[in-house]
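Participant: Just the structure for this:
(chains A and B)
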Amino acid sequence: MTRRRSYLRFIMPAMIIVLAVIIFPWIFTLYMSAHDWKVTGTRAFVGLANYTALATDERFLWALARTLYYAALAVILPLVLGTVAALIFHRRFPLRGLLRGIFILPMMATPVAVALVWTMMFHPQLGVLNYLLSLVGLPAQLWVFDPGTVIPSLVMVETWQWTPLVMLIVLGGLAALPVEPFESARLDGASAWQSFRHITFPLVLPFLMVAAIIRTIDAIKSFDLIYVISQGGPGTASETINIYLYLQAFAFYNIGYASAVVAVFFVVIVALALCLLYVRQRAQWA
Amino acid sequence: MSAHAPPLWRALRRLAARLGFAFALVMIVSPAILVFLWMLSLSLKSEIDNIAYPPVFVPSAPTLANYAQVFETGSFPRYLLNSFLVTGGATLLALLVGVPAGYGIAKAKAYRLAIVVLIARITPNLSYLIPLFIVFQFLGLAGTLYPLLITHLVITVPIVVWVMIGFFETLHPDLEEAALIDGATVWQSFRYIALPLARPGIVVAAILAFIFSWNNFIFGVVLAGRETRTLPVAVYNVLTFEQISWGPLAAAALLVTLPVLILTVVIQREIVTGLTAGGVKA
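Facilitator: Model (predicted):
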């Protein structure tokens, strides 16, 4: 109908920008990924060779495995802590608004700025973290300077940063809960744990799913923290796909190869996004 | 059973529950605040205090020397201006095109376009950077602020569109319907009815776009030259290339993120609304 068409006209300016800076890069990336493309100017059509090379590129496969390890930790920890935080902030108490504002500071703060402070805190000799460990009688750690502890250390920062987002999502879920089941449960003598386990948890589960998917997407594409704190090191111990991608494109200037990495990466992310939409819809019907 | 317990016992139990809750609250909030306080402490201490072990938590003689050093070296004012130009420009442009787009999508129920915006929001920034980098090289725009401003649209436009869809959807259609029946054009009903009503939503969208653009690091790392660095890039380069000491570095880091921290605490309610409308209400 005609009115719908006149509403669509409102979208045109934004559409032009989206086409130029979002859709066009996607298509151009696919085109480049089929070429042996260097920044210096040499380019030759190679078909799917970049993709088949990826399948045997050990450094890429290790980066993939590391990304999954990193993401698994960086999803589970914020999810657990964020749920606890949401249960706390769901109650009423003095200064609740102000404290909630403070609690979400880590996710709003400039990532580079907080990453620099964490780098200083991780310092093995002078850092405050090892001092805190020594206070409770634990041995000093090398944190991000040891290949074995670098990923858990980075995940600690990521958890600190993104637990607030999970909290906000779950808090939204808790706010939408009906009151009746809790009242009848209390009348029936259910304990606090029982009513959480059997009423709260199932009802906020869709929100937890949404939080888990958003966290998974964000954890997979985490860049600033890793780049600033460990640069993918020591060695390649914290080199995730995003860091590898950056190196291929802007340190080794293998634009075509990096584009193939982007394409694979893109498929993974979009698949997760579709899961998100599916879960959202389920959540709305439930 | 608790109803039959003696009053003193009940009061004690209630007190214990309160204390337990307060303890949990402190435990969950303190990491958030302590890191920033440590940042503040580092920035106010002399170099001697900063490399002392055990660490000095409260500066023995607070000094602003670190801040002075930040402003004197490394053309900090220029980078500040760059950040404001890039972020301000990208936010204004995004509002200009994104607010009508959010309206159009909400009214025409064009949700397929909304999904494009959603996917744009969640794809890694690096995936736009490589092709755009090639294009900017080709166009000879290197060394100006335009490449940065244009790529920052990748961040700001999806945020604004997404938040505005949510706000225009919740707007009651009666007033607009009445205006349309009285012969107003679709544009007039947008301009004089929907737009004023959506002002709170526009504020939220503008703030979120501003913050996420201000915080962006990766675009600047690749696209900015010596003269066109934004603040996050400048602060990072100070660390790696000049091996500067902790005090000035903490001061610079705090200065970069201070506008965002202040915005967040002052208008946390609006930010929470915007984030839950945009990120959660998919």
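Participant: Please name the residues that touch residue B:67.
Facilitator: By C-beta atoms under 8 Å, 6 or more residues apart in numbering or on different chains, the residues touching residue B:67 are B:43, B:251, B:255. All C-beta spots, glycine's among them, are computed from the backbone N, C-alpha and C.
Participant: confidence score at it?
Facilitator: With respect to pLDDT, residue B:67 scores 89.
Participant: Where does it fall, secondary structure wise?
Facilitator: Residue B:67 is part of helix B:65-72, with elements assigned from DSSP states H and E.
Participant: Which of the contacts of residue B:67 sits closest to residue B:226?
Facilitator: For these, the residue nearest residue B:226 by C-beta to C-beta is residue B:255; the value is 19.8 Å.
Participant: Count the neighbours of the closest one for me.
Facilitator: Using other C-beta atoms under 10 Å in any protein chain shown, residue B:255 has 18 neighbouring residues.
Participant: ok, it touching residue B:70?
Facilitator: Yes. In this structure, residue B:255 is within contact of residue B:70 by C-beta atoms under 8 Å, at 6.5 Å.
Participant: Name the residues contacting each of those two.
Facilitator: Common contact partners of residue B:255 and residue B:70 (C-beta under 8 Å, 6+ apart): residue B:76.
Participant: then the helix holding residue B:67 to CSV, C-alphas only?
Facilitator: In CSV, the C-alpha atoms belonging to helix B:65-72 read as follows (Å, rounded to 0.1, in the frame of the first residue of the first chain):
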residue,chain,number,x,y,z
ALA,B,65,52.4,16.2,37.8
ASN,B,66,51.3,13.2,35.8
TYR,B,67,48.4,15.0,34.3
ALA,B,68,50.6,18.0,33.5
GLN,B,69,53.0,15.7,31.7
VAL,B,70,50.2,14.2,29.6
PHE,B,71,49.1,17.6,28.4
GLU,B,72,52.7,18.7,27.7
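Participant: Helix or strand next in line after it, which one?
Facilitator: Counting by DSSP H and E, what follows helix B:65-72 is helix B:76-108.
Participant: Please name the spatially closest residue to residue B:76 (chain neighbours excluded).
Facilitator: residue B:70 (5.5 Å; C-beta to C-beta, 6 or more residues apart in numbering or on different chains).
Participant: let me fix that: residue A:84
Facilitator: Closest to residue A:84 by C-beta to C-beta, 6+ apart is residue B:28, at 6.7 Å.
Participant: wait, isn't that neighbour in contact with residue A:85?
Facilitator: Yes. Assessed by C-beta under 8 Å, residue B:28 is found in contact with residue A:85 at 4.9 Å.
Participant: Show me which residues of the helix or strand harbouring residue B:129 are buried.
Facilitator: Per DSSP H and E: residue B:129 is located in helix B:126-139. Buried residues in helix B:126-139, counting neighbours by 16 or more other C-beta atoms under 10 Å in any protein chain shown, are found at B:126-136.
Participant: For the helix or strand that comes right after that helix, which helices and strands make contact with it?
Facilitator: As assigned by DSSP H and E, the chain's next helix or strand after helix B:126-139 is helix B:146-170. Helix B:146-170 is packed against helix A:12-18, helix B:76-108, helix B:111-122, helix B:126-139, helix B:199-215, helix B:218-223, with contacts defined by 3 or more C-beta pairs under 8 Å, 6 or more residues apart in numbering or on different chains; DSSP states H and E.
Participant: 6 Å instead?
Facilitator: Counting contacts by 3 or more C-beta pairs under 6 Å, 6 or more residues apart in numbering or on different chains; DSSP states H and E, helix B:146-170 is packed against helix B:76-108, helix B:111-122, helix B:126-139, helix B:199-215, helix B:218-223.
Participant: quick revisit: the buried residues of helix B:126-139: which ones sit near chain A?
Facilitator: B:126-128, B:130-132 (C-beta under 6 Å from any C-beta of the partner chain).
Participant: Name the surrounding residues that touch stretch A:202-217.
Facilitator: A:71, A:75, A:78-79, A:166, A:169-170, A:173, A:177, A:269, A:272, A:275-276, A:279, A:283, B:122 (C-beta atoms under 6 Å, 6 or more residues apart in numbering or on different chains).
Participant: Any idea which of these the model trusts least?
Facilitator: Lowest pLDDT among the contacts of stretch A:202-217: residue A:283, 59.
Participant: circling back: host element of the residue nearest to residue A:84?
Facilitator: With DSSP H and E as criterion, residue B:28 is part of helix B:7-44.
Participant: Counting by contacts, list what that helix packs against.
Facilitator: helix A:58-90, helix A:96-103, helix B:246-266.
Participant: Including pLDDT, could the contacts of residue B:67 go into TSV?
Facilitator: TSV is the format used below for those (pLDDT from 0 to 100):
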residue	pLDDT
B:43	91
B:251	90
B:255	92
